[in-house]
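>>> Need the 3D shape of this:
(one chain, ligands or ions: 1)
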Amino acid sequence: MNKIVLDENFIFMHVNPNEKTGFAMRVLALGDICGSIGRQAVKERIPYLKERLGIDFIIANGENSAGGVGITTSTINEILNAKIDCITGGNHSWKNREAYDKFDTEERVLRPQNYPAPAPGRGANIYILPDGRKIAVLNIQGTTFMDALPCPFQAAYDFVNSLDDDVIFRFVDFHAEATSEKKAMGFALDGKVSAVFGTHTHVQTADAQILPNGTAYMTDLGMCGVEQSCLGMSFESVLQRFITKRPASFKRAVGQGALNGLLMDLDDTTGKALSVSLFRENAPRTKATVIDLETDTAQPQEYNAENDADRK
Ligand code: FE2
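Take a look at the predicted model:
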(Lines give C-alpha, C1' and ligand atoms only; values in the text may rest on other atoms or scores of the structure.)
Protein backbone atom coordinates (compact mmCIF):
# COMPACT_ATOMS: atom_id res chain seq x y z
CA MET A 1 0.00 0.00 0.00
CA ASN A 2 1.35 3.41 -0.97
CA LYS A 3 0.82 6.62 0.95
CA ILE A 4 0.76 9.66 -1.27
CA VAL A 5 1.03 13.15 0.18
CA LEU A 6 0.03 15.83 -2.30
CA ASP A 7 0.21 18.67 0.20
CA GLU A 8 -0.18 18.94 3.94
CA ASN A 9 -3.96 18.75 3.72
CA PHE A 10 -4.32 15.86 1.39
CA ILE A 11 -3.60 12.20 2.05
CA PHE A 12 -4.82 9.15 0.27
CA MET A 13 -3.87 5.50 0.44
CA HIS A 14 -3.72 3.43 -2.71
CA VAL A 15 -4.75 -0.18 -2.24
CA ASN A 16 -3.50 -0.80 -5.77
CA PRO A 17 -1.18 2.06 -6.67
CA ASN A 18 -1.89 2.39 -10.37
CA GLU A 19 -1.34 5.81 -11.83
CA LYS A 20 -4.27 7.17 -13.78
CA THR A 21 -3.83 6.47 -17.48
CA GLY A 22 -5.72 7.52 -20.56
CA PHE A 23 -7.66 4.29 -20.19
CA ALA A 24 -9.19 4.99 -16.81
CA MET A 25 -12.21 6.78 -15.45
CA ARG A 26 -11.48 8.53 -12.14
CA VAL A 27 -14.43 8.97 -9.79
CA LEU A 28 -14.59 10.43 -6.28
CA ALA A 29 -17.37 9.53 -3.86
CA LEU A 30 -17.78 11.80 -0.81
CA GLY A 31 -19.50 10.91 2.47
CA ASP A 32 -22.38 12.88 3.98
CA ILE A 33 -21.86 16.63 3.61
CA CYS A 34 -22.82 17.87 7.05
CA GLY A 35 -24.05 21.45 7.56
CA SER A 36 -22.33 24.72 6.80
CA ILE A 37 -18.81 23.55 7.56
CA GLY A 38 -19.25 20.54 5.31
CA ARG A 39 -20.44 22.74 2.46
CA GLN A 40 -17.62 25.21 3.02
CA ALA A 41 -15.07 22.38 3.03
CA VAL A 42 -16.45 21.08 -0.28
CA LYS A 43 -16.34 24.55 -1.83
CA GLU A 44 -12.82 25.15 -0.59
CA ARG A 45 -11.17 21.97 -1.80
CA ILE A 46 -13.24 20.11 -4.40
CA PRO A 47 -12.98 22.45 -7.42
CA TYR A 48 -9.19 22.56 -6.91
CA LEU A 49 -8.78 18.81 -6.40
CA LYS A 50 -11.10 17.88 -9.25
CA GLU A 51 -8.82 19.64 -11.65
CA ARG A 52 -5.53 18.73 -9.95
CA LEU A 53 -6.34 15.01 -9.74
CA GLY A 54 -8.13 14.78 -13.09
CA ILE A 55 -11.35 13.53 -11.53
CA ASP A 56 -14.02 12.83 -14.14
CA PHE A 57 -17.09 12.60 -11.91
CA ILE A 58 -17.94 13.30 -8.26
CA ILE A 59 -20.81 11.80 -6.26
CA ALA A 60 -21.56 13.23 -2.80
CA ASN A 61 -24.22 12.41 -0.24
CA GLY A 62 -26.12 15.57 0.67
CA GLU A 63 -28.98 14.48 2.95
CA ASN A 64 -27.45 16.37 5.91
CA SER A 65 -26.15 19.39 4.05
CA ALA A 66 -28.70 21.77 5.62
CA GLY A 67 -28.03 22.35 9.30
CA GLY A 68 -26.65 18.84 9.79
CA VAL A 69 -30.04 17.20 9.11
CA GLY A 70 -31.88 17.50 5.79
CA ILE A 71 -31.27 19.15 2.45
CA THR A 72 -32.74 22.30 0.86
CA THR A 73 -32.91 23.87 -2.58
CA SER A 74 -30.26 26.32 -1.44
CA THR A 75 -27.77 23.67 -0.25
CA ILE A 76 -28.36 21.64 -3.42
CA ASN A 77 -27.42 24.67 -5.53
CA GLU A 78 -24.39 25.38 -3.36
CA ILE A 79 -23.06 21.83 -3.67
CA LEU A 80 -23.66 21.59 -7.41
CA ASN A 81 -21.84 24.89 -7.88
CA ALA A 82 -18.81 23.32 -6.19
CA LYS A 83 -18.40 20.93 -9.14
CA ILE A 84 -20.22 17.98 -7.58
CA ASP A 85 -21.88 16.01 -10.40
CA CYS A 86 -24.44 13.96 -8.46
CA ILE A 87 -25.95 14.42 -4.99
CA THR A 88 -27.34 11.33 -3.29
CA GLY A 89 -29.68 11.22 -0.30
CA GLY A 90 -31.05 9.07 2.49
CA ASN A 91 -33.54 8.98 5.33
CA HIS A 92 -33.14 12.73 5.93
CA SER A 93 -33.82 13.69 2.31
CA TRP A 94 -37.45 14.27 3.22
CA LYS A 95 -37.02 16.73 6.09
CA ASN A 96 -37.56 19.93 4.07
CA ARG A 97 -40.61 19.80 1.82
CA GLU A 98 -39.52 22.86 -0.13
CA ALA A 99 -36.77 20.70 -1.68
CA TYR A 100 -39.23 18.19 -3.16
CA ASP A 101 -39.78 20.25 -6.30
CA LYS A 102 -36.02 20.33 -6.77
CA PHE A 103 -35.93 16.52 -6.50
CA ASP A 104 -38.40 16.42 -9.40
CA THR A 105 -36.64 18.94 -11.62
CA GLU A 106 -32.91 18.58 -10.89
CA GLU A 107 -31.59 15.38 -12.46
CA ARG A 108 -28.33 15.61 -10.53
CA VAL A 109 -30.15 15.00 -7.24
CA LEU A 110 -31.14 11.50 -6.16
CA ARG A 111 -33.05 10.12 -3.16
CA PRO A 112 -33.19 6.44 -2.18
CA GLN A 113 -34.82 4.43 -4.94
CA ASN A 114 -36.60 1.98 -2.65
CA TYR A 115 -39.07 4.45 -1.08
CA PRO A 116 -42.68 3.49 -1.81
CA ALA A 117 -44.35 5.30 -4.71
CA PRO A 118 -45.34 8.01 -5.09
CA ALA A 119 -42.24 9.75 -3.82
CA PRO A 120 -40.76 12.96 -5.25
CA GLY A 121 -37.70 12.74 -7.45
CA ARG A 122 -35.76 9.73 -8.61
CA GLY A 123 -33.42 7.15 -7.12
CA ALA A 124 -31.28 6.41 -10.15
CA ASN A 125 -30.08 8.18 -13.22
CA ILE A 126 -27.61 7.96 -16.09
CA TYR A 127 -25.22 10.84 -16.69
CA ILE A 128 -23.33 11.35 -19.94
CA LEU A 129 -19.91 13.00 -19.84
CA PRO A 130 -18.91 15.44 -22.61
CA ASP A 131 -16.77 12.66 -24.14
CA GLY A 132 -19.80 10.34 -24.35
CA ARG A 133 -19.00 8.00 -21.48
CA LYS A 134 -22.10 7.00 -19.51
CA ILE A 135 -22.26 6.84 -15.74
CA ALA A 136 -25.20 5.27 -13.90
CA VAL A 137 -25.77 6.08 -10.24
CA LEU A 138 -28.18 4.30 -7.89
CA ASN A 139 -29.10 5.49 -4.39
CA ILE A 140 -30.72 2.94 -2.08
CA GLN A 141 -31.44 2.76 1.64
CA GLY A 142 -30.88 -0.10 4.05
CA THR A 143 -33.58 -1.66 6.21
CA THR A 144 -31.58 -3.04 9.14
CA PHE A 145 -32.01 -0.71 12.17
CA MET A 146 -33.78 1.69 9.79
CA ASP A 147 -37.30 2.15 8.40
CA ALA A 148 -38.85 -0.97 6.89
CA LEU A 149 -38.63 0.07 3.25
CA PRO A 150 -39.06 -2.21 0.24
CA CYS A 151 -36.08 -4.51 -0.27
CA PRO A 152 -32.91 -2.62 -1.28
CA PHE A 153 -31.42 -5.77 -2.80
CA GLN A 154 -34.37 -6.10 -5.18
CA ALA A 155 -34.00 -2.41 -6.07
CA ALA A 156 -30.32 -3.00 -6.81
CA TYR A 157 -31.01 -6.04 -9.01
CA ASP A 158 -33.73 -4.11 -10.86
CA PHE A 159 -31.25 -1.28 -11.46
CA VAL A 160 -28.60 -3.62 -12.87
CA ASN A 161 -31.15 -5.38 -15.09
CA SER A 162 -32.43 -2.06 -16.42
CA LEU A 163 -29.06 -0.91 -17.77
CA ASP A 164 -27.87 -1.34 -21.34
CA ASP A 165 -24.51 -3.02 -21.84
CA ASP A 166 -22.86 0.22 -22.94
CA VAL A 167 -23.44 1.74 -19.49
CA ILE A 168 -20.33 0.21 -17.97
CA PHE A 169 -19.73 2.71 -15.15
CA ARG A 170 -22.21 1.95 -12.38
CA PHE A 171 -22.14 3.34 -8.85
CA VAL A 172 -24.28 2.48 -5.85
CA ASP A 173 -24.60 4.65 -2.74
CA PHE A 174 -26.08 2.32 -0.13
CA HIS A 175 -27.31 4.57 2.66
CA ALA A 176 -27.47 2.12 5.54
CA GLU A 177 -26.72 1.63 9.21
CA ALA A 178 -25.56 -1.97 9.50
CA THR A 179 -22.09 -2.88 8.27
CA SER A 180 -23.31 -6.43 7.58
CA GLU A 181 -26.07 -5.19 5.27
CA LYS A 182 -23.59 -3.01 3.38
CA LYS A 183 -21.05 -5.80 2.98
CA ALA A 184 -23.80 -8.15 1.79
CA MET A 185 -24.79 -5.56 -0.82
CA GLY A 186 -21.18 -5.30 -1.98
CA PHE A 187 -20.94 -9.02 -2.58
CA ALA A 188 -24.44 -9.15 -4.13
CA LEU A 189 -23.35 -6.64 -6.76
CA ASP A 190 -19.73 -7.74 -7.18
CA GLY A 191 -18.96 -7.87 -10.89
CA LYS A 192 -22.29 -6.23 -11.77
CA VAL A 193 -21.39 -2.63 -10.88
CA SER A 194 -18.22 -0.52 -10.71
CA ALA A 195 -18.57 0.38 -7.04
CA VAL A 196 -20.69 -0.03 -3.94
CA PHE A 197 -20.06 2.39 -1.09
CA GLY A 198 -21.93 3.08 2.10
CA THR A 199 -23.08 6.35 3.63
CA HIS A 200 -25.13 7.36 6.70
CA THR A 201 -22.87 6.55 9.69
CA HIS A 202 -20.54 9.55 9.13
CA VAL A 203 -17.56 7.44 10.21
CA GLN A 204 -15.10 6.41 7.52
CA THR A 205 -14.24 2.73 7.46
CA ALA A 206 -10.72 1.56 6.56
CA ASP A 207 -11.85 -1.23 4.25
CA ALA A 208 -11.51 0.29 0.77
CA GLN A 209 -11.00 -2.73 -1.44
CA ILE A 210 -11.63 -4.34 -4.81
CA LEU A 211 -13.94 -7.35 -4.51
CA PRO A 212 -13.06 -10.61 -6.34
CA ASN A 213 -15.05 -9.77 -9.48
CA GLY A 214 -13.81 -6.20 -9.84
CA THR A 215 -16.25 -4.03 -7.86
CA ALA A 216 -14.77 -1.26 -5.71
CA TYR A 217 -16.16 -1.41 -2.20
CA MET A 218 -16.09 0.57 1.04
CA THR A 219 -18.47 0.11 3.98
CA ASP A 220 -18.81 3.82 4.77
CA LEU A 221 -17.31 6.87 3.10
CA GLY A 222 -17.39 8.95 6.28
CA MET A 223 -18.41 12.60 6.50
CA CYS A 224 -17.60 15.99 5.06
CA GLY A 225 -17.90 18.23 8.10
CA VAL A 226 -16.33 19.10 11.42
CA GLU A 227 -13.76 16.40 12.13
CA GLN A 228 -13.66 16.99 15.90
CA SER A 229 -17.33 16.27 16.48
CA CYS A 230 -19.83 13.50 17.14
CA LEU A 231 -21.07 12.83 13.59
CA GLY A 232 -21.16 16.60 12.98
CA MET A 233 -22.76 17.55 16.31
CA SER A 234 -21.03 18.97 19.38
CA PHE A 235 -19.71 16.37 21.82
CA GLU A 236 -21.31 18.19 24.76
CA SER A 237 -24.84 18.04 23.37
CA VAL A 238 -24.56 14.39 22.33
CA LEU A 239 -23.03 13.42 25.66
CA GLN A 240 -26.03 14.82 27.52
CA ARG A 241 -28.35 12.42 25.77
CA PHE A 242 -26.13 9.43 26.52
CA ILE A 243 -25.62 10.33 30.17
CA THR A 244 -29.09 11.51 31.15
CA LYS A 245 -31.07 9.13 28.89
CA ARG A 246 -33.50 12.01 28.45
CA PRO A 247 -34.22 13.99 25.26
CA ALA A 248 -31.66 16.71 24.61
CA SER A 249 -31.31 18.84 21.52
CA PHE A 250 -28.18 18.36 19.49
CA LYS A 251 -26.07 21.38 18.66
CA ARG A 252 -24.00 21.62 15.55
CA ALA A 253 -20.25 21.39 16.03
CA VAL A 254 -17.98 24.19 14.89
CA GLY A 255 -14.34 23.82 13.96
CA GLN A 256 -12.17 22.79 11.07
CA GLY A 257 -13.84 20.78 8.37
CA ALA A 258 -12.53 17.70 6.60
CA LEU A 259 -13.59 15.69 3.59
CA ASN A 260 -13.90 11.89 3.68
CA GLY A 261 -14.52 9.59 0.78
CA LEU A 262 -13.26 7.07 -1.74
CA LEU A 263 -11.25 7.75 -4.88
CA MET A 264 -11.52 5.15 -7.64
CA ASP A 265 -9.96 4.49 -11.02
CA LEU A 266 -12.06 2.29 -13.30
CA ASP A 267 -11.10 0.48 -16.47
CA ASP A 268 -12.48 2.33 -19.48
CA THR A 269 -13.40 -0.86 -21.34
CA THR A 270 -14.98 -2.91 -18.54
CA GLY A 271 -15.99 -0.37 -15.86
CA LYS A 272 -14.24 -2.53 -13.25
CA ALA A 273 -12.03 -1.07 -10.55
CA LEU A 274 -8.30 -0.69 -11.19
CA SER A 275 -7.50 1.00 -7.90
CA VAL A 276 -9.24 2.34 -4.83
CA SER A 277 -7.94 4.95 -2.43
CA LEU A 278 -9.09 6.08 0.97
CA PHE A 279 -9.71 9.81 0.60
CA ARG A 280 -9.16 12.14 3.55
CA GLU A 281 -8.77 15.85 3.09
CA ASN A 282 -8.48 18.79 5.47
CA ALA A 283 -10.10 22.13 4.68
CA PRO A 284 -8.07 24.58 6.81
CA ARG A 285 -9.91 27.70 5.68
CA THR A 286 -13.06 26.42 7.42
CA LYS A 287 -11.31 27.10 10.73
CA ALA A 288 -12.02 30.75 10.07
CA THR A 289 -15.63 30.18 9.04
CA VAL A 290 -18.32 31.93 11.07
CA ILE A 291 -21.65 30.12 11.17
CA ASP A 292 -25.05 31.52 11.94
CA LEU A 293 -26.47 28.50 13.75
CA GLU A 294 -30.04 29.72 13.31
CA THR A 295 -29.92 29.97 9.53
CA ASP A 296 -27.03 27.59 8.87
CA THR A 297 -25.37 30.16 6.69
CA ALA A 298 -21.61 30.38 6.71
CA GLN A 299 -19.25 33.21 5.96
CA PRO A 300 -15.59 32.46 5.43
CA GLN A 301 -13.48 35.11 7.15
CA GLU A 302 -10.20 36.35 5.83
CA TYR A 303 -7.73 33.52 6.04
CA ASN A 304 -4.02 33.93 6.44
CA ALA A 305 -1.89 30.83 6.49
CA GLU A 306 1.66 31.14 5.22
CA ASN A 307 1.95 27.48 4.37
CA ASP A 308 -1.21 27.54 2.25
CA ALA A 309 0.27 29.73 -0.42
CA ASP A 310 1.34 26.97 -2.78
CA ARG A 311 -1.98 25.15 -2.83
CA LYS A 312 -4.15 27.47 -4.87
FE1 FE2 B 1 -28.79 9.12 6.94
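>>> from here on, contacts and neighbour counts on C-alpha atoms
Will do.
>>> just the residues of the stretch 1-150 of the chain that are near the ion, which are they?
Gly90 (CA under 5 Å from the ion).
>>> just the strands in the stretch 1-150 of the chain please.
Secondary structure of the stretch 1-150 of the chain, counting by DSSP state E, counting those that start in this stretch: strands at 2-7, 10-14, 24-30, 32-33, 57-61, 86-88, 124-128, 134-141.
>>> helices and strands around the shortest one, which ones?
What that stands for is strand 32-33. Secondary-structure packing of strand 32-33 (3 or more CA pairs under 8 Å, 6 or more residues apart in numbering; DSSP states H and E): strand 57-61, strand 223-226.
>>> Go through the ones you listed and find the least confident stretch.
Confidence, taken as mean pLDDT, is least for strand 223-226 of the helices and strands packed on strand 32-33 (a mean of 95).
>>> Which SSE is immediately downstream of that strand?
As assigned by DSSP states H and E, the chain's next helix or strand after strand 223-226 is helix 235-244.
>>> can you pull the buried residues of that next one?
235, 237-238 (16 or more other CA atoms under 10 Å).
>>> Can you pull out the residues in contact with stretch 85-99?
Contact with stretch 85-99 is made by 57-64, 69-73, 76, 80, 100, 108-112, 139-141, 173, 175, 200, as judged by CA atoms under 8 Å, 6 or more residues apart in numbering.
>>> What residues sit buried inside that stretch?
Buried, per 16+ other CA under 10 Å, within stretch 85-99: 85-95, 99.
>>> what do you get for stretch 140-148?
For stretch 140-148, using 16+ other CA under 10 Å, the buried residues are 140-143.
>>> that older thread, among the strands of the stretch 1-150 of the chain, pick out the one with the most neighbours on average.
Mean neighbours per residue, mean count of other CA atoms under 10 Å, is largest over the strands of the stretch 1-150 of the chain for strand 32-33, with a mean of 36.
>>> Note down every partner strand of that one and its orientation.
Next to strand 32-33 in the sheet, as set by DSSP bridges, lie strand 223-226 (parallel).
>>> Quick one: work out the angle between the lengthiest helix in the chain and strand 24-30.
Counting by DSSP state H, the longest helix found in the chain is helix 35-52. Following axes from the mean of the first three to the mean of the last three CA atoms, to 10 degrees, one obtains 170 degrees for the angle between helix 35-52 and strand 24-30.
>>> a markdown table please, covering the helices and strands packed on strand 32-33 and showing distance to Gly132.
Below are the helices and strands packed on strand 32-33 laid out as a markdown table (distance: least, CA to CA, whole Å):
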| stretch | distance to Gly132 |
| --- | --- |
| strand 57-61 | 13 |
| strand 223-226 | 30 |
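>>> Ok, which of those comes nearest Gly121?
strand 57-61 (15.3 Å; CA to CA).
>>> Helix, strand or coil: sort out Thr270 for me.
Put simply, Thr270 is coil when judged by DSSP: H, G, I helix; E, B strand; the rest coil.
>>> number of nearby residues for it?
Using other CA atoms under 10 Å, Thr270 is surrounded by 16 other residues.
>>> Leaving out chain neighbours, which residue sits closest to it?
In space, and not counting its chain neighbours, Thr270 is closest to Ile168: 6.2 Å by CA to CA, 6 or more residues apart in numbering.
>>> With pLDDT added, can I get the buried residues of stretch 140-148 in a markdown table?
Formatted as a markdown table, the buried residues of stretch 140-148 follow (pLDDT from 0 to 100):
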| residue | pLDDT |
| --- | --- |
| Ile140 | 98 |
| Gln141 | 98 |
| Gly142 | 98 |
| Thr143 | 97 |
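>>> Out of those residues, which comes closest to Ser277?
For these, the nearest to Ser277 is Ile140 (22.9 Å; CA to CA).
>>> In the sheet, which residues pair with that closest one? Tell me.
The partner residues for Ile140, given DSSP bridges, come to Phe174.
>>> can you give me the helices in the stretch 51-200 of the chain?
Assigned by DSSP state H, counting those that start in this stretch, the stretch 51-200 of the chain shows helices spanning 73-81, 100-105, 152-162, 179-189.
>>> Please produce CSV containing the ones you listed, extended by mean pLDDT.
CSV is the format used below for the helices of the stretch 51-200 of the chain (pLDDT from 0 to 100):
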stretch, mean pLDDT
helix 73-81, 97
helix 100-105, 97
helix 152-162, 98
helix 179-189, 98
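>>> Closest approach to the ion from the protein, which residue is it?
Per CA to the ion, His200 is where the chain lies closest to the ion, at 4.1 Å.
>>> Output the strands of the stretch 1-150 of the chain in a markdown table; the columns should cover distance to Arg39.
Formatted as a markdown table, the strands of the stretch 1-150 of the chain follow (distance: least, CA to CA, whole Å):
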| stretch | distance to Arg39 |
| --- | --- |
| strand 2-7 | 21 |
| strand 10-14 | 18 |
| strand 24-30 | 12 |
| strand 32-33 | 6 |
| strand 57-61 | 11 |
| strand 86-88 | 12 |
| strand 124-128 | 23 |
| strand 134-141 | 20 |
